[in-house]
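>>> Would you be able to build a 3D model of this:
(chains A and B)
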Amino acid sequence: MSMKSSTRQVDGVTIVDLSGRITLGEGSVVLRDTVRELLSKGQKKILLNLGDVNYIDSSGIGELVSAFTTAKNQGGELKLLNLTKKVHDLLQITKLYTVFDIKDDEASAVKAFAK
Amino acid sequence: MTFIIPTGKLLHSPANRIPGSINGRFTVAREAIAGRTRLPMCADRVSYTLDSTLETVNSAEEAATRAATDAGFDDEEVMKISMAVREAAVNAVLHGNAYDPAKKVTLAFERNGHDLVITVRDQGKGLDIGKVPDPLAPENLMKTSGRGIFLIRSFMDVVEIHPSHAGTELRMIKHVHGNAVNSKEASQ
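Just a heads-up that it's a prediction; the model follows:
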């Protein structure tokens, strides 16, 4: 299953609902293009909802890091929401869990963005 | 717990060749200890010769999922094994063979007693182990690549990397049913 992406706005925050696999190839490209497009449009508060992302490989992890760094470098914020156990465990063993701002509740995640 | 494969059973039959191997060669080699009434170390082997494409990466992952499932691993272990194989295939296709259509990736699964032994071989210049960065080092933490071998080592019980001028062979072992789980090691 390839990755699907859709966006919605909640209180000035762009929530990106992702589903499927973030892996080398299509999945990573979809994530990269989505984040770059949002930033180019000035939508710099980005919440990646990974609740339906059932698989991620090292390339996908790299894309998450890239998205986080790109947003930050452009004065934006990128947070992660609803990690599945697989993704949670991967971020733990790669020591990235504490690098990302990770939330498990959408409402509080939206509120956590700088006003 | 003794893990015995019925004599003659293959991990996969040629009829179940993995997707993506259409342009590659498919070979099956079975190595069984014949003539014995008890087969504590019965070994079956299946190997694939695959093109240096992204499709090979997905095919290798799918084949690993089947091999690990057939070997009796639970869902979590199957995921780890399939991810390790995926990462090894990525290394072989991208970094080893650099998508060169003239170069092939060889993938082999072997059930050897209590072990599932997986070998991924490319025809590249040979991985320079000394140049593989530690992805957990603070200066590398935010890099967008370089985690593949780390994940392979995290998920498998034994990982051996054998680079040569003719390519790199990555050999991974996962112990069935947690046997000898303390033997985790990595030789280079």
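>>> Go through the lowest-mean-pLDDT helix or strand in chain A and flag the buried ones.
Of all helical and strand segments in chain A, the minimum by mean pLDDT, DSSP states H and E falls on helix A:26-40, at a mean of 92. Of all the residues in helix A:26-40, those buried under the rule 16 or more other CB atoms under 10 Å in any protein chain shown are A:27-28, A:30-31, A:34-35, A:38-39. C-beta here means a position set from N, CA and C on the backbone, and glycine is covered the same way.
>>> Make a markdown table out of these and add distance to B:M156.
As requested, those are exported to a markdown table (distance: CB to CB, whole Å):
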| residue | distance to B:M156 |
| --- | --- |
| A:G27 | 23 |
| A:S28 | 24 |
| A:V30 | 29 |
| A:L31 | 27 |
| A:T34 | 33 |
| A:V35 | 32 |
| A:L38 | 38 |
| A:L39 | 38 |
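>>> Mind listing what's buried along the helix or strand that the least confident helix or strand of chain A is followed by?
From helix A:26-40 onward toward the C-terminus, using DSSP states H and E, the following helix or strand is strand A:45-56. Neighbour counts over strand A:45-56 (16+ other CB under 10 Å) mark A:45-51, A:53, A:55-56 as buried.
>>> The residue nearest in space to the middle of chain A and A:A107, how far apart?
In chain A, the C-alpha nearest the mean C-alpha coordinate belongs to A:L48, at 3.2 Å (CA atoms, centre = their mean). A:L48 sits 16 Å away from A:A107, going by CB to CB, to the nearest Å.
>>> cool, and A:V29?
31 Å.
>>> just A:D101 next, same as before
A:D101 is 15 Å from A:A107, by CB to CB.
>>> Secondary structure element holding the residue positioned nearest the centre of chain B?
Nearest to the geometric centre of chain B sits B:I118, at 3.4 Å (CA atoms, centre = their mean). If you go by DSSP H and E, B:I118 is part of strand B:115-121.
>>> Other residues contacting that strand?
B:60, B:64, B:67-68, B:71, B:73, B:81, B:84-85, B:88-89, B:91-92, B:105-111, B:167-176, B:179 (CB atoms under 8 Å, 6 or more residues apart in numbering or on different chains).
>>> If any of the residues you listed are buried, give me the PyMOL selection for them.
Per 16+ other CB under 10 Å, the buried members of the contacts of strand B:115-121 correspond to this PyMOL selection:
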select buried, chain B and resi 60+64+67+68+71+73+81+84+85+88+89+91+92+105+106+107+108+109+110+111+167+168+169+170+171+172+173+174+175+176
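>>> Just the contacts of strand B:115-121: which are in strands?
B:105-111, B:167-175 (DSSP state E).
>>> give me the beta-bridge partners of the nearest residue to B:E160 once chain neighbours are set aside?
Among residues not flanking B:E160 along the chain, B:R171 sits closest, at 4.4 Å (CB to CB, 6 or more residues apart in numbering or on different chains). Following DSSP bridges, B:R171 is listed with bridge partners B:T119, B:E160.
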